[in-house]
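Trainee: Quick one: sequence and predicted model below, then my questions.
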Amino acid sequence: MQDTLCEQQRMIAIGDIHGCRQTLEQLIETLAPRPDDQLVFLGDYIDRGPDSKGVIDYLLQLRRTFRCFFLMGNHELMFLDYLESGDPGTWLDNGGRETLASYTVQDGHHLPEAHIDFMKACSYILETEHFVFVHGGLDPEMSIQDNRRYMQPADFCWIRTHLRRSYVETRRYNWKKTVVCGHTPSPDIINLGKLISLDTGCVYDGTDSLGKLSAVILPERKVIQVSNQDR
């Protein structure tokens with residue numbers, strides 16, 4: 001069970017990792033977290049990259065040393081949906097084959113139980129006094145309270161409406177807190193008053209200026225990035 005995230009200590013949010021263990025290790029080394037730091041991982045730990053197994057092994061290791069908070073990404077959600085439905089098609093077509101290869105298995109049911117339990121335990125949304133952490137985002141037209149009330153938990157893993165140009169350019173978000181999210185790759189982080197979008201396409205090295213893993217230290221909004229190390 002995850003601890004309670006609070007603003008009394010620094011919070012470090014980390015974007016989409018997608019099976020890039022060496023890049024994640026380099027980012028953590030660069031961040032050099034303090035013992036009382038809180039690490040908030042925004043989801044999409046698996047798929048597409050070369051070492052999804054290694055990423056989850058490393059996250060479980062980090063959890064023994066630091067206060068870690070793990071959000072559900074749409075890729076974890078697709079994997080868990082496959083386990084429940086028995087239909088692997090959507091997941092396999094979106095990077096699941098690379099995940100199976102990293103575990104040297106042909107069936108997702110054969111992943112280590114601890115890794116499946118890790119994904120099942122991920123949160124859909126985390127909220128503090130001034131920040132909301134979520135993988136995909138929130139509906140920009142609704143308050144945070146109404147997002148929680150009217151949206152399904154899985155919606156928080158998929159939504160991209162808040163990144164439409166009309167919202168980014170006008171900064172028109174009906175939120176009283178800053179939303180910190182991943183999910184949608186961009187060449188650099190989007191750092192607005194009410195929105196911090198951290199997915200800089202780590203796994204897409206060499207494509208459209210992507211290929212970086214990004215973190216933001218809160219509340220000061222200091223950005224730390226490393227280039228893909230998993231080539």
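Mentor: In hand now; what should we look at?

Trainee: Report the buried residues of stretch 82-98.
Mentor: Y82, L83, P88, W91, L92, N94, G95, G96, E98 (16 or more other C-beta atoms under 10 Å). For glycine as for every other residue, the C-beta is placed from the backbone atoms N, C-alpha and C.

Trainee: Show me what the helix or strand that contains I217 is in contact with.
Mentor: Following DSSP states H and E, the helix or strand that holds I217 is strand 212-218. By C-beta atoms under 8 Å, 6 or more residues apart in numbering, the list of residues contacting strand 212-218 from outside reads 7, 10-15, 17, 20, 23-24, 26-27, 31, 131, 180, 189, 191, 196, 198-202, 222-228.

Trainee: after that strand comes which helix or strand?
Mentor: Sequence order places strand 222-227 as the next helix or strand after strand 212-218, per DSSP H and E.

Trainee: Parallel or antiparallel, list what pairs with that following strand.
Mentor: With DSSP bridges as the test, strand 222-227 is paired with strand 212-218 (antiparallel).

Trainee: For the partner strand, buried residues please.
Mentor: By neighbour count with 16+ other C-beta under 10 Å, strand 212-218 contains the buried residues K212, L213, S214, A215, V216, I217, L218.

Trainee: who are the neighbours in contact with the residue nearest to G211 when sequence neighbours are not counted?
Mentor: Leaving aside its sequence neighbours, G211 sits nearest to D205 (C-beta to C-beta, 6 or more residues apart in numbering; 3.5 Å). With contact taken as C-beta under 8 Å, 6+ apart, D205 is in contact with G211, S227, N228, D230, R231.

Trainee: filter these to the buried ones?
Mentor: Neighbour counting with 16+ other C-beta under 10 Å marks G211, N228, D230 as buried within these.
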